[in-house]
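**Student:** need coordinates for the below:
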Amino acid sequence: MTCAMDKVEMIVQFTKKIISKVRKNEVSPKQIVSTLITAALTSRFVNESCKSSGKISKSQVIYRKFEWKSAKDFHTWFQQSTKGFLHRLKQWSNNRLFILSFDITKEAFYGNASKAKDKMYIHKGSIAKESKYYYEYLTVAITGSATPKYILDGVMVSVGCYMEDYVSQMINEMKKQLPLEVVLFDRGFASWGVIYKLQQLHIPYLIFWKKQGKWYKKYFNHLGEGEWTRINRNGLYNRHKTRYHICSSFILIKQLEYKGKTFDWLFATNLKLKKATSYVKR
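**Tutor:** Numbering: from 1, shown residues only. Predicted coordinates:
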């Protein structure tokens with residue numbers, strides 16, 4: 001059994017659940033899966049992939065199959081298929097620990113936002129020419145230095161949400177399925193709210209922290225090139241009229257080389273590694 005085969009199987013299972021029973025001369029889940037995989041692998045629109053794959057005449061055929069399905073339906077079915085894949089992966093991996101990473105991606109929204117059916121997911125801001133709004137997605141994936149990321153779950157982020165709630169819910173599901181080595185976050189997740197939720201879940205975490213303010217500069221001033229230090233820092237998280245006092249370790253690394261360039265590095269983490277490079281190469 002290979003992971004590649006399991007990925008395709010998972011997509012097939014997912015597609016079968018969201019498509020009604022195929023009638024004679026109608027397109028099958030297998031044809032739809034083939035077209036969607038082509039679109040994903042080539043980073044093209046579904047309509048373009050219909051033409052290149054030759055399996056389906058036009059994208060509207062696929063979209064009609066998805067009518068009357070809610071976003072919640074899609075998410076539930078995707079999670080069910082993912083759980084089956086993770087169960088097989090865990091058996092195949094011989095008690096290996098897994099690294100997960102969270103990412104935020106944005107997709108431009110073109111059109112009249114006031115007439116959109118999903119206003120709660122349309123964020124104000126321009127990320128592309130001729131677009132004043134965008135959708136935002138949160139994904140969690142298995143990651144590693146030698147393999148591409150494999151997305152395990154994803155949600156549309158609503159306007160005004162608490163990102164830490166999404167993170168907590170997704171990790172809580174993942175840790176039931178896989179033994180975790182560490183969960184990685186980029187600077188978009190640098191908040192005391194995220195740290196609070198991670199500490200509640202007792203999850204090993206590494207957050208690439210934003211260099212905001214001046215608090216970290218005095219520590220860098222006492223470090224030489226390539227040197228690093230660990231400090232404990234206190235923060236506040238306000239939620240539902242309650243103020244939570246939080247403490248986390250921070251790793252500060254001065255002018256360490258990465259891919260031919262040197263940078264100052266700042267991480268919030270509960271990992272205790274022996275080398276500075278061990279944090280950076282995660």
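**Student:** what segments of this structure are strands?
**Tutor:** Under the criterion DSSP state E, the chain contains strands at 98-109, 123-128, 131-143, 150-156, 180-185, 205-208, 228-239, 242-258, 261-269.
**Student:** CSV for those, including mean pLDDT?
**Tutor:** Putting the strands of the chain into CSV (pLDDT from 0 to 100) gives the following:
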stretch, mean pLDDT
strand 98-109, 92
strand 123-128, 92
strand 131-143, 92
strand 150-156, 87
strand 180-185, 96
strand 205-208, 98
strand 228-239, 96
strand 242-258, 95
strand 261-269, 95
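**Student:** how about those strands, which one is nearest residue 277?
**Tutor:** Taking CB to CB as the criterion, residue 277 comes closest to strand 242-258 out of the strands of the chain, the separation being 7.0 Å. From N, CA and C alone the C-beta is placed, and that goes for glycine too.
**Student:** in that closest one, which residues are buried?
**Tutor:** If you call a residue buried by 16 or more other CB atoms under 10 Å, then strand 242-258 has these buried ones: 248, 250-254, 256.
**Student:** now do the closest residue to residue 155 other than its chain neighbours: how many residues are near it, please.
**Tutor:** Here the nearest residue to residue 155 in space, its sequence neighbours aside, is residue 138; by CB to CB, 6 or more residues apart in numbering that works out to 5.3 Å. Residue 138 has 20 neighbouring residues, counting by other CB atoms under 10 Å.
**Student:** wait, isn't residue 138 in contact with residue 166?
**Tutor:** Yes - the criterion here is CB atoms under 8 Å, and residue 138 meets it with residue 166 at 5.3 Å.
**Student:** between those two, which contacts overlap?
**Tutor:** Jointly contacting residue 138 and residue 166 under the rule CB atoms under 8 Å, 6 or more residues apart in numbering are 155, 157.
**Student:** the spatially most central residue of the chain and residue 92, how far apart?
**Tutor:** Ranked by distance to the mean C-alpha position of the chain (CA atoms, centre = their mean), the top residue is residue 139 at 2.2 Å. According to CB to CB, to the nearest Å, residue 139 stands 23 Å off from residue 92.
**Student:** now swap in residue 86 and tell me
**Tutor:** Distance, residue 86 to residue 92, by CB to CB: 11 Å.
**Student:** neighbour count for the two, which is higher?
**Tutor:** Relative neighbour count places residue 86 above the other of residue 86 and residue 92, with 21 against 12, counting by other CB under 10 Å.
**Student:** excluding chain neighbours, what is closest to the more buried one?
**Tutor:** The nearest residue in space to residue 86 (CB to CB, 6+ apart) is residue 177, at 4.1 Å.
**Student:** just to check, that neighbour is in contact with residue 85?
**Tutor:** No - under the criterion of CB under 8 Å, residue 177 is not in contact with residue 85, lying 9.2 Å apart.
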